[in-house]
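> sharing a sequence plus its predicted fold:
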Amino acid sequence: MDIRDLFKDWTALIDQEVSIEGWVRNHRDQKSFGFLMVNDGTDFRTIQVVYEESIPNFSDIQKVRVGAAIMVQGVMVKTPQNAQPFEIKARSITEVGSSPEDYPIQPKRHTREFLRTVPHLRLRTNLFTALFKVRSILHHSIHSFFESQGFVHVAAPIITSSDAEGAGELFQVTTLPLDKLPKKDGEIDYSEDFFGNLTHLTVSGQLQAEIFAQNFKRGYTFGPTFRAENSNTKTHASEFWMVEPEMAFSDLNTIIEVSKNMVQFLIKDVLEKAPVEMAFFDEFVEKGLLDKLNKVLTSPFAVMTHKEAIDTLLKSGKKFEILPAQGKDLATEHEKALVEIQDGPVYVIDWPEEIKAFYMRLNDDQKTVAAMDLLVPGAGELIGGSQREERPDLLEKRMKAFGIDPKSLQWYLDLRKYGSTPHAGFGLGFDRMLIYLTGVENIRDVIPFPRTPKNCQF
Ligand code: 4AD
Ligand code: MG
């Protein structure tokens, strides 16, 4: 049986024979009896198994070590005096897979840094069992939200010939021999490469999602994205997941509304589906987490222009290493200060046009674009989005200003030629959403197998 089912129906199972299988999280053996704490991953909670000298292989079972896989048959017994309402009194225990003494995950406090060195075993801790369960639930929640809102899902390609952000942070994909590159007129000849042209891993599925929005009205993509950005921070990974909805006949206000509804939906859904895990994070990871999240469900989100944000920072009396300045990007410390001042999520809108991507729509002031970033405590920039430039001449002008050859994105310009619409979309950093939801601060911990500069294990 799954331990999850025992917790669901435990009152009906008292005095009944049950059998479980799982891994030993802790073992306390006494002279004539012992306690095994068993977890099988189907429930966050472990079950206590009590055994006595009467079981046939008593002396072997006494030697079972933490980390071993076992099977237990026994009777469910009520334990009103314990934290858990029941335990299993064993009739027989089989050791399925033993675990030697050097098992790294001993029942004591390990640092997260140490646990990062054993990503194949760190799941077998309370923290990572809770985290990766919530991560899995959140995947489903994303799809539920967009399906409920009538969005059509598209899996944007992972190998692509376009740089969707125009930022040049690309991982190249090639099968050319690196020690003997084919040359033509002194340049590498990509017509000899696997696809016949230069390709890389995608940095964003936005442009393909826009194609879907121009037929289905609402489209979204949700998948892995890759950035060769040498940022060693707690919130940057080289491979991360992004959710990117795109809506035709929409503007900046639409995406502020939809993204707020999405964030609230995701919080609500996870609180509902993972109450035990979320209570664990609240108790052991971030005190006050549940209050923080519940407040987000009912409070309005602050909205301010980039100009107002800089003014607010300058007037705040806070000390900054980098002085906030009009026309300049927000540094991490500025984002942190803004969410502190607002005591919750903040949308910063209308950004200076030079510091944002080429596809963003120029505002009438000619100086700013109709963009938004949603900043939240802990995770910093959780969402980035904008209204898209739907006017072909202006889009082409912006492309050139950003050094992008319009010919390379002819198909993208075509969308403006054939039935162009005002449209808008955004990208939610899935891994940052997990940071926000769980209070676990480092992106290296919310991703099962993180990829960051100089680090690609497994
Ligand atoms: O702001 P970004 O770069 O925007 C885009 O890629 C747009 N194409 C999105 C769109 O409008 N469809 O990235 C969007 C979000 C960020 O707000 C952040 O949450 C996350 O993706 N993100 C990262 N997460 C982890 N590691 C990184 N290196 C990230 N870079 C961006
Ligand atoms: Mg951004």
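Here it is on my side, so go on. Ligands and ions are numbered 1, 2, ... in the order given.

> describe which strands whichever strand or helix holds P245 pairs with in its sheet and in which direction.
Following DSSP states H and E, one finds P245 within strand 239-248. Partner strands and pairing direction for strand 239-248 (DSSP bridges) are strand 218-226 (antiparallel), strand 423-429 (antiparallel).

> okay, whichever helix or strand comes after that strand in CSV with CA atoms only?
Sequence-wise, the next helix or strand downstream of strand 239-248 (DSSP H and E) is helix 252-273. Output in CSV follows, covering the C-alpha atoms of helix 252-273 (Å, rounded to 0.1, in the frame of the first residue of the first chain):
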residue,chain,number,x,y,z
LEU,A,252,-0.5,46.2,-21.0
ASN,A,253,-3.5,46.4,-18.7
THR,A,254,-4.6,42.9,-19.9
ILE,A,255,-1.3,41.3,-18.9
ILE,A,256,-1.2,43.0,-15.6
GLU,A,257,-4.7,41.6,-14.8
VAL,A,258,-4.0,38.1,-16.2
SER,A,259,-0.6,37.8,-14.5
LYS,A,260,-2.1,38.9,-11.2
ASN,A,261,-4.9,36.4,-11.5
MET,A,262,-2.4,33.7,-12.4
VAL,A,263,-0.1,34.3,-9.4
GLN,A,264,-3.2,34.2,-7.1
PHE,A,265,-4.5,31.1,-8.7
LEU,A,266,-1.1,29.3,-8.4
ILE,A,267,-0.8,30.2,-4.7
LYS,A,268,-4.3,29.1,-4.0
ASP,A,269,-3.9,25.8,-5.9
VAL,A,270,-0.7,24.9,-4.2
LEU,A,271,-1.9,25.8,-0.7
GLU,A,272,-4.9,23.6,-1.4
LYS,A,273,-3.1,20.6,-2.9
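
> what about the closest residue to A68 other than its chain neighbours, distance to ligand 1?
Using Cβ to Cβ, 6 or more residues apart in numbering and skipping the chain neighbours, the partner closest in space to A68 is S99 (4.2 Å). All C-beta atoms are positioned from the backbone trio N, CA, C, and that covers glycine. Separation of S99 from ligand 1 (Cβ to the nearest ligand atom, to the nearest Å): 35 Å.

> S99 against G67, yeah?
Yes - using Cβ atoms under 8 Å, S99 makes contact with G67 at a distance of 3.3 Å.

> so what sits against both of these two?
Residues touching both S99 and G67 (Cβ atoms under 8 Å, 6 or more residues apart in numbering): V24.

> is L362 bridged to anything, and to what?
Listed by DSSP bridges, the beta-bridge partners for L362 are V369.

> now for it: which residues touch it?
Each residue near L362 by Cβ under 8 Å, 6+ apart is listed here: E353, T368, V369, E389, L394, R398.

> which of those residues has the most neighbours?
V369 (28 neighbours; other Cβ atoms under 10 Å).

> let me know the closest of the contacts of L362 to E95.
V369 (63.1 Å; Cβ to Cβ).

> returning to what we had before: okay, the strands paired with strand 239-248 in JSON lines with mean neighbour count and distance to ligand 1 next?
Formatted as JSON lines, these follow (neighbours: other Cβ atoms under 10 Å; distance: least, Cβ to the nearest ligand atom, whole Å):
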{"stretch": "strand 218-226", "mean neighbour count": "22", "distance to ligand 1": "7"}
{"stretch": "strand 423-429", "mean neighbour count": "26", "distance to ligand 1": "2"}
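
> reformat the ones you listed as CSV; add distance to F249.
Formatted as CSV, these follow (distance: least, Cβ to Cβ, whole Å):
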stretch, distance to F249
strand 218-226, 10
strand 423-429, 7
